[in-house]
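Asks: 3D model of this:
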Amino acid sequence: MFCFLQSKNNTTNTTAKDYIYAITPLITNALIDRDPVHRQTAASATKHIVLGVQGQGCEDACLHLLNHVWPNIFEQSPHVIKAVLGAIEACRVTLGPHVVLQYVLQGLFHPARRVRDIYWRVYNNLYVYGCDKLIPAYPILPHDGTQQSSYRREELDMFL
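Replies: Numbers count the residues shown, from 1 in each chain. Here you go, the predicted model:
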């Protein structure tokens, strides 16, 4: 029974790998559509296709899809927000938390509260599900000369 499930799972992953480059333009077009239902469906499809190609070497297509999913993060509809956050979480699994962190860092301290809220929501999910993988991705803050603000990571740099 286990061998059957394992072989079935492998064919599913290779099928997703075979079709991701063919359907990426279709999903991209739906993600920039004016209709929120199209964006919701495309975000859900992005979630499933990105999870299907995890570890298959299709990171370029997944990053392309993340670039088109990300502007939908400010959507008003709760269903679209749920689908977009699911797609971002799938990209976190496939591409790694450090890639999504580079998108999140730009809005954590934005002047608008609405922008900060959604960015902190994504960051909190990153922190909960991948905090150990985020440590090398945090930006290195330069030393400004005072004793109190000595931000160093020399031991971590030795291991990297």
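Asks: so what's the closest residue to Phe109 other than its chain neighbours up against?
Replies: Excluding its sequence neighbours, the residue lying closest to Phe109 (C-beta to C-beta, 6 or more residues apart in numbering) is Arg116, at 7.1 Å. All C-beta atoms are positioned from the backbone trio N, CA, C, and that covers glycine. For Arg116, the contact set (C-beta atoms under 8 Å, 6 or more residues apart in numbering) comprises 107-110.
Asks: On the pLDDT front, check Arg116 for me.
Replies: Listed pLDDT for Arg116 reads 95.
Asks: secondary structure class for Leu126?
Replies: Under DSSP: H, G, I helix; E, B strand; the rest coil, Leu126 falls in the helix class.
Asks: That one contacts Leu95, correct?
Replies: No: in this structure, Leu126 is not within contact of Leu95 by C-beta atoms under 8 Å, at 11.7 Å.
Asks: okay, these two: which has more neighbours?
Replies: Between Leu126 and Leu95, Leu126 has the larger neighbour count (other C-beta atoms under 10 Å), namely 22 against 17.
Asks: so how far is Ala112 from the more buried one?
Replies: Look at Leu126 and Ala112: by C-beta to C-beta, to the nearest Å, they are 21 Å apart.
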